[in-house]
Every structure is written in structure tokens, then in C-alpha cells.
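Chemist: heads up, no residue letters with this:
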């Protein structure tokens, strides 16, 4: 995995006359009580300003606090900006645009199939071409893995900049890495014409908020905000500290780097992230990753708690230290590989068996002991579980009340929707204690599936194909 590392020498830029001053140019006070949101608004309205200096305290352990009771989106609308804020702190913070993806019928369009390597896609309904424009950014996506949520959650996704529009064909420069099919199941239903639903499963293009196209760099800032949203095309955070009770929440992100500083007590790596790397950070909590994002690189990261989930492709290197890793995303999707190099992991577990042991490699001076544990049990809402055997995907939808299913018996219904006719298998795993619910299986269009149901039991339903992989019961 190629990192996006910058030279540490550039982390403390020289402040000269090309920089705007948050206090003297925009009227911020920074006394911890005066509302400085107006200064943020003035900075954002100054369209020609791209570099902002936020004066701080000489004692960085006791930073100068700027109170933001209103606007906290300190970079929204800036296509490119650098902020230097050593010794300064804000009590509310949002990095990047608000609402990168609109969940409605007027910002997306279903497309014909597009193969890996393609530099274009053709929209099915030509009347929807008007929502796209040359120079804007779009998300090519498909295969829904979450029944609801904001933003939506697709297993396959790629960000592209439109270079040409001819008729119903949208083109870009960088070839697609994945193949997108129009036969993928429309799990959430489409609009009346079946041609554009932001949560749909078939291949589609989504028009991004124009403010998503941004290149943001922030140095030295501290924040006590409970949650710090991080979105955009490119975000670099150097020595940025989040001390809130939750932490940074990364989503809808092209390329992101957190180098130094801290992501907070329990940061969340949410969804639709192409590449994220976290370097030379430490904290008392863990990192939660629920979705099948594309790439995660961790270098010299120390956590007293768990790395709670991994991306499709995850690299852990440079002396990382974790108490535990849950392999694969913890909520939606599946992982492909996990490489651990010169790092120490105390224990690990497969997260719903969404990463096969064969895809985990120990290299260099990495050490650790795998402890395969049961998954956490049934959620109180519908969930989707996906496993990727050789890119042949199968879905599991479960509905149930944990009060009656996890511990007290009851009935649990699973519906399997196979994306490919030759999908290797369907796999569901629940931790239900000693009292097992009575499962009801609705095969849908899946011909083969396996179920790990309860403690140390693997039940085969229907017939398994010859190449099906059966994991030992947890």
C-alpha cells in the first residue's frame, strides 16, 4: 500500500504576509466564552484567502480556546486551504463539507454495466444527465451493504472527476478498479422509474456536493468537540488533537492522513473512504471501523484498546501496538487482506468471519496470538453480513429482537440474496448463548449457503458447492 506521507519539516509553516489572521483580520476573540462563529463566517466568505493563522497560547498544554456556538465548518466552501493553529483550540469542529451526498432522487442515476478498466459509464435514463457537469466529482458505486443510513453504504465505490459528457455517457480519466453490474439486487427499492435511488444496489453514479472537491491541511489545532466529522477529496491533519469523549468520524473521504496528534478516545472510520492512514498517534481508546472501506494504513499507532475492524485492504506497520484486532469490518461488508509488519497485537478475532485467516499475513517483526472469538450477537435493527470468497458475494439479512433472540430463544429470520448464481456460500454467525432461537431460512435466489448457528455448531442447509469454504465453528 502506498502511503501519502509528508515531511515532518512542513508541519510548522512560516507565517508571513500571505496568511490571514483569525483575530486581526476576522475579529475572533479567543477568550473561551465569546462566540467566534462570526470570524469563521468571515474567513469562509473571504474567497481569495487560502491560508489561515489561528493565534494560540505559547503553552500548548493550555491552549487558547475559541468558542464556536454557531458555525463550526471552518473549511466548508474552501477548495484549497491551509490552517496553522498551534496552541489553539476550538470547542466545535467539522472538517470538510456538510452533506457530501444527497439522499434523494435528484443527485443519482443508474448506469449500464461498467467493467474494471473503463473510463466511462452510460446512464440509463438520459434525462438525468443534466445533474452532472464536466469538472465535477462523482461517485461510481454499487452493491448496497446497509439497509439505511446517512451517508449510504456501498461495497464497491470509486471517486472520479468528470472530463467529458457525450449524450448519456459520462467519462473520466482514471480507469475503474472494479466492475459494476446493473443486475445487482435493488435491495432498498428504486424510484417509480427504477432508475435512480441513492440507496439502491445496481451500478450508479452519484453527483457529489461541489464542496467535496477540497484539499484541506490543518496543523496543530486542538478540539474538545465530542465528534469531529472529516470529509472531502483530500484531508491532511498534522498534529491535530481531538480530546472529546468520542473522536474523529471519517466518512465520504477520498484520501486522508492523520499524522501525529490524536483521533480521540473512540474515533469512527465510517464509510465510503478510499484511503486513510493514521501515523504516530496514541490514545486511551480504540478505533472503530464498521464498513468495508478501501484502504487503511496504520504506522506506529499505539492503542490501549482494540482496533475494532479493518478495511478491505489493511496494512499495520512501524511498531503499532494494539490490545486486540477485530479482523474485517464489524458492521457491513467484508475484508480482503490484512498485513501486519513489525507490530505487536495481543489478540484478535474474526469479525463475523469477514476476513479469512488465509488473507492475514505476519511479516517482519510482527508478533501476536490469534484468539478467534464469537461475533457479538444480533443487533436490534436489520443488518447485512457479507463474506467475500474469491469476490463471489452473498448477502444475509437478519431481523430480530435481541431480547428474545440472543439470550432467550425466540425466532430469527434470515434472508439470503446471492449476487452471483455461483456464489460460493452464504455464511451467518451469531452468538446466542445456550438457548438457541429457531431459525427460519428464506433462500431467495441463493442456491447454496452455510450457517454457523450457536455454540460450536455448523449446519449445512441445501447443498454446498465443491469450492465452498467451511470455517470451523468458533
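Modeler: Looks like it arrived, so ask away. Every value quoted in this text rests on a predicted model; they were computed, and no experiment measured them.

Chemist: for residue 185, helix, strand, or coil?
Modeler: Here residue 185 is recorded as coil under DSSP: H, G, I helix; E, B strand; the rest coil.

Chemist: What separation is there between it and residue 142?
Modeler: Distance, residue 185 to residue 142, by Cβ to Cβ, to the nearest Å: 10 Å. Bear in mind the C-beta positions are built from the backbone N, C-alpha and C, glycine included.

Chemist: Need the overlap of contacts for the two.
Modeler: By Cβ atoms under 8 Å, 6 or more residues apart in numbering, residue 185 and residue 142 have these common neighbours: 201-202.

Chemist: Show me which of those two is the more surrounded one.
Modeler: A count of neighbours by other Cβ atoms under 10 Å puts residue 142 above the other of residue 185 and residue 142, at 24 against 16.

Chemist: So which elements touch the helix or strand that the more buried one is a member of?
Modeler: Assessed by DSSP states H and E, residue 142 sits inside strand 137-144. For strand 137-144, the packing partners by 3 or more Cβ pairs under 8 Å, 6 or more residues apart in numbering; DSSP states H and E come out as strand 154-166, strand 204-207.

Chemist: which stretch among those strands comes nearest residue 265?
Modeler: When those are compared by Cβ to Cβ, strand 154-166 sits nearest residue 265, at 28.5 Å.

Chemist: Buried ones in the closest one, by neighbour count?
Modeler: Neighbour-count burial for strand 154-166, counted by 16 or more other Cβ atoms under 10 Å, picks out 154-160, 162, 165.

Chemist: contacting residues around residue 20?
Modeler: Contacts for residue 20 (Cβ under 8 Å, 6+ apart) come out as 26, 43, 46, 49, 51-53.

Chemist: Report the separation between it and residue 39.
Modeler: As judged by Cβ to Cβ, residue 20 and residue 39 stand 10 Å apart.

Chemist: what do those two both touch?
Modeler: Taking Cβ under 8 Å, 6+ apart as the contact rule, residue 20 and residue 39 both touch residue 26.

Chemist: still on that earlier bit, how about the helices and strands packed on strand 137-144 in JSON lines, adding distance to residue 117 and mean pLDDT?
Modeler: Shown next, in JSON lines, are the helices and strands packed on strand 137-144 (distance: least, Cβ to Cβ, whole Å; pLDDT from 0 to 100):
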{"stretch": "strand 154-166", "distance to residue 117": "12", "mean pLDDT": "95"}
{"stretch": "strand 204-207", "distance to residue 117": "17", "mean pLDDT": "92"}
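
Chemist: export the ones you listed to a markdown table and tack on distance to residue 230?
Modeler: Output for those, formatted as a markdown table (distance: least, Cβ to Cβ, whole Å):
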| stretch | distance to residue 230 |
| --- | --- |
| strand 154-166 | 15 |
| strand 204-207 | 19 |
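
Chemist: Looking at those, which is nearest to residue 325?
Modeler: strand 154-166 (21.3 Å).

Chemist: Output the contacting helices and strands for that closest one.
Modeler: Against strand 154-166 (3+ Cβ pairs under 8 Å, 6+ apart) you get strand 137-144, strand 169-172, strand 273-279.

Chemist: Deepest-packed of those strands, please.
Modeler: Highest mean neighbour count among the helices and strands packed on strand 154-166 (mean count of other Cβ atoms under 10 Å): strand 137-144, with a mean of 24.

Chemist: what angle separates that one from strand 154-166?
Modeler: Here strand 137-144 runs at an angle of 140 degrees relative to strand 154-166 (axes from the mean of the first three to the mean of the last three Cα atoms, to 10 degrees).

Chemist: ok, strand 137-144: who's next to it in the sheet?
Modeler: Strand pairing for strand 137-144, using DSSP bridges, gives strand 154-166 (antiparallel), strand 204-207 (antiparallel).

Chemist: So which of those strands is nearest residue 297?
Modeler: Closest to residue 297 of those, according to Cβ to Cβ: strand 154-166, at 17.9 Å.

Chemist: Outside of the closest one itself, list whatever touches it.
Modeler: 120, 129, 132-145, 170-174, 176-178, 180, 208, 213, 233, 254, 272, 274, 292, 294, 333-334, 386, 393.

Chemist: about what we covered before: of the strands paired with strand 137-144, which is nearest residue 319?
Modeler: Using Cβ to Cβ, the nearest of those to residue 319 is strand 154-166, at 31.3 Å.

Chemist: Okay, now the unreliable bits of the stretch 101-250 of the chain?
Modeler: 103-105, 147-149, 186-200 (pLDDT under 70).

Chemist: If you could redo that for the stretch 301-450 of the chain, that was the one I meant.
Modeler: Those would be 347-450, if you go by pLDDT under 70 across the stretch 301-450 of the chain.

Chemist: re the thing from before, just the buried residues out of the contacts of residue 20, in PyMOL syntax.
Modeler: Entered in PyMOL, the line below selects the buried ones among these, by 16+ other Cβ under 10 Å:
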select buried, resi 26+43+49+51+52+53
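
Chemist: From the contacts of residue 20, which land in helices?
Modeler: Of the contacts of residue 20, the ones assigned to helices by DSSP state H are residue 43.

Chemist: ok, the contacts of residue 20 vs residue 13, which is closest?
Modeler: residue 51 (8.2 Å).

Chemist: and the closest residue to the closest one other than its chain neighbours, what does it touch?
Modeler: Nearest non-adjacent residue to residue 51, counting by Cβ to Cβ, 6 or more residues apart in numbering: residue 19, 4.5 Å away. Residue 19 makes contact with 51-53, 84 under the criterion Cβ under 8 Å, 6+ apart.

Chemist: try residue 133
Modeler: 162, 165.
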